[in-house]
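J.: Got a predicted structure here, sequence first:
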Amino acid sequence: MNKNREIAENREKSAKNAGGGAKKTAWSAMLRHALRGSVCGIGIAFAGFCIAGVVFDISGKGCITFENWAFTKMAVGCFAVGLGFGIPSAVYENDSLPMLMKVLIHMGTGCAVYTAIAFAVGWLGHESSAALCLLSLAGQLAATFAIWLCFYMRARREVKLMNEKLG
């Protein structure tokens, strides 16, 4: 409890010394969260990219071929998807928005970026039927919401533990 009070006092002091007050502190916290979210989002995106590559390699019996810079395009797309989900996660630092609005902003932006990139780099579309494309998109969107749910449950658990320590 003393440690939490000390952290809060240090934040107040740094906010007063910064000259911008609470607004400046809120923006810097949001920026830090966006940076942290970007790193985490990029890491998760590349982990998924590697896992999908292994699955396709196994299903193709070790024979995956890429032409016309396809692998590089997919890697850059993967990086962009990580940013597309990571940067908007900073919206969770805004206490004035309801949780549903935060989720819609974060996941709406991330899923829109993902879908556009998926069509651009060939993860969706091109040679597959419309039904297969929709099924693949639904599966990938379900995976993104499952990842979000894991983060949400972790945050709820942390809040519960903090409340138990305080109360």
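T.: On my side now, so go ahead.
J.: And the host helix or strand of F49, what's buried?
T.: Here F49 sits within helix 21-59, counting by DSSP states H and E. Buried residues in helix 21-59, defined by neighbour count with 16 or more other CB atoms under 10 Å: 25-26, 33-34, 37-38, 41-42, 44-45, 48-49. Placement of C-beta: from N, CA and C, glycine included.
J.: immediately after it, which helix or strand?
T.: helix 70-86.
J.: Summarise which helices and strands that next one is packed against.
T.: Helices and strands touching helix 70-86, by 3 or more CB pairs under 8 Å, 6 or more residues apart in numbering; DSSP states H and E, are helix 21-59, helix 99-121.
J.: Quick one, which of these gets closest to N68.
T.: When the helices and strands packed on helix 70-86 are compared by CB to CB, helix 99-121 sits nearest N68, at 11.2 Å.
J.: what sits against the nearest residue to V76 once chain neighbours are set aside?
T.: Leaving aside its sequence neighbours, V76 sits nearest to V121 (CB to CB, 6 or more residues apart in numbering; 7.9 Å). If you count contacts by CB atoms under 8 Å, 6 or more residues apart in numbering, V121 has them with 70, 73-74, 76-77.
J.: Need the worst-confidence member of those residues.
T.: Lowest-confidence member of the contacts of V121: A70, scoring 89 (pLDDT).
J.: my read: that residue touches G122, true?
T.: Yes - counting by CB atoms under 8 Å, G122 is a contact partner of A70 at 6.6 Å.
J.: more neighbours, these two?
T.: G122 (16 against 13; other CB atoms under 10 Å).
J.: Check what pLDDT that one gets.
T.: Taking G122 on its own, its pLDDT is 84.
J.: residue ranges with poor pLDDT in this structure?
T.: 1-24, 126, 128 (pLDDT under 70).
J.: Now do the contacts for the nearest residue to G84 once chain neighbours are set aside.
T.: Residue nearest to G84 in three dimensions, not counting chain neighbours: V113, with 2.8 Å by CB to CB, 6+ apart. Going by CB under 8 Å, 6+ apart, V113 touches 80-81, 83-85.
J.: Let me know the distance separating V113 from V54.
T.: Per CB to CB, to the nearest Å, V113 is found 24 Å from V54.
J.: Same check on W27?
T.: Relative to V54, W27 is positioned 41 Å away (CB to CB).
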